[in-house]
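Participant: Fold the following and give me the result.
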Amino acid sequence: DRSMRDAIFTALEWLHDEREVSVLLVRGNGRAFSTGGDLSEFGTAPSPVRAREVRRQRDVWRLWSTLPCVSIAAVHGPAVGGGLEMALLCDLVVCAHDARLALPETGLGLVPGVGGTQTLPRAVGEGRAAAMLLAGDAIDGRTAARIGLAQRSVPAARLRATADALARRVAALDPS
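Facilitator: Numbering: from 1, shown residues only. Purely as a prediction, here's the structure:
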């Protein structure tokens, strides 16, 4: 949804200017962390050139990847497509055991648009990334922690408390 992207863009711009914030904790609201982009919007730009212009003007993901604070993703439920890529842009990831992480757009012949083809191999290695990118494998939170995509996996009922405690520990550290 465009209004959500605009709100996120504005918040990220603010975080770049606000030096008092040391930690950004991101979590989904509802049954999913994030299911990514709305596939019905794909191909609706008046032209590919105009689509690139809009992405450059509102480069949410560049702002996200260059935050001056530590970012933590608390992942529950589905984190697919751009949702998984958003988590991969975070410095730390904590998953619920039952989280489901995948990049299903590759099965539709689409390239992950938020850098997943670069961030996923950096996080888990080329072989494991190939299984997710080329074969369309989905993984759960336990597997994400085991292969290095997440730092921890916890029962869903403990995800919020675990992520909050991690954010407090990081925020208590001297930023220098």
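Participant: Quick check, central residue of this structure?
Facilitator: residue 86 (1.7 Å; C-alpha atoms, centre = their mean).
Participant: Please verify my assumption that it contacts residue 113.
Facilitator: No. In this structure residue 86 lies outside contact range of residue 113 using C-beta atoms under 8 Å: 11.2 Å. The way it works is simple: take the backbone N, C-alpha and C, and place the C-beta from them, glycine included.
Participant: returning to that earlier point: so what's the residue nearest to the centre of the chain up against?
Facilitator: 26, 34, 61, 64, 73, 79, 114 (C-beta atoms under 8 Å, 6 or more residues apart in numbering).
Participant: wait, which of the residues you listed is closest to residue 91?
Facilitator: Nearest to residue 91 among these, counting by C-beta to C-beta, is residue 73 at 8.9 Å.
Participant: Next one: the closest one relative to residue 174, how far apart?
Facilitator: Distance check for residue 73 against residue 174: by C-beta to C-beta, to the nearest Å, it reads 24 Å.
Participant: On the C-terminal side of the helix or strand bottoming out on mean pLDDT in the chain, identify the next helix or strand.
Facilitator: Scoring the helices and strands of the chain by mean pLDDT, DSSP states H and E places helix 48-57 at the bottom, with a mean of 55. Going down the chain from helix 48-57, the next helix or strand is helix 60-65, by DSSP states H and E.
Participant: Name the surrounding residues that touch the helix or strand following that next one.
Facilitator: Note on helix 60-65: by DSSP H and E, the next helix or strand toward the C-terminus is strand 70-75. Strand 70-75 is contacted by residues 22-28, 33, 64, 79, 86-87, 89-96, 99, 101, 141, 144, 150, 159-160, 162-163, 166-167, 170 when judged by C-beta under 8 Å, 6+ apart.
Participant: Look at residue 175 and tell me its secondary structure.
Facilitator: Classification of residue 175 using DSSP: H, G, I helix; E, B strand; the rest coil returns coil.
Participant: What ranges does this protein have for its helices?
Facilitator: According to DSSP state H, the chain carries its helices in the segments 2-17, 48-57, 60-65, 82-88, 116-124, 126-133, 141-147, 156-172.
Participant: Export those helices as TSV, with columns for distance to residue 109.
Facilitator: TSV is the format used below for the helices of the chain (distance: least, C-beta to C-beta, whole Å):
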stretch	distance to residue 109
helix 2-17	24
helix 48-57	16
helix 60-65	21
helix 82-88	16
helix 116-124	14
helix 126-133	13
helix 141-147	25
helix 156-172	33
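Participant: Right, I'll call it a day here.
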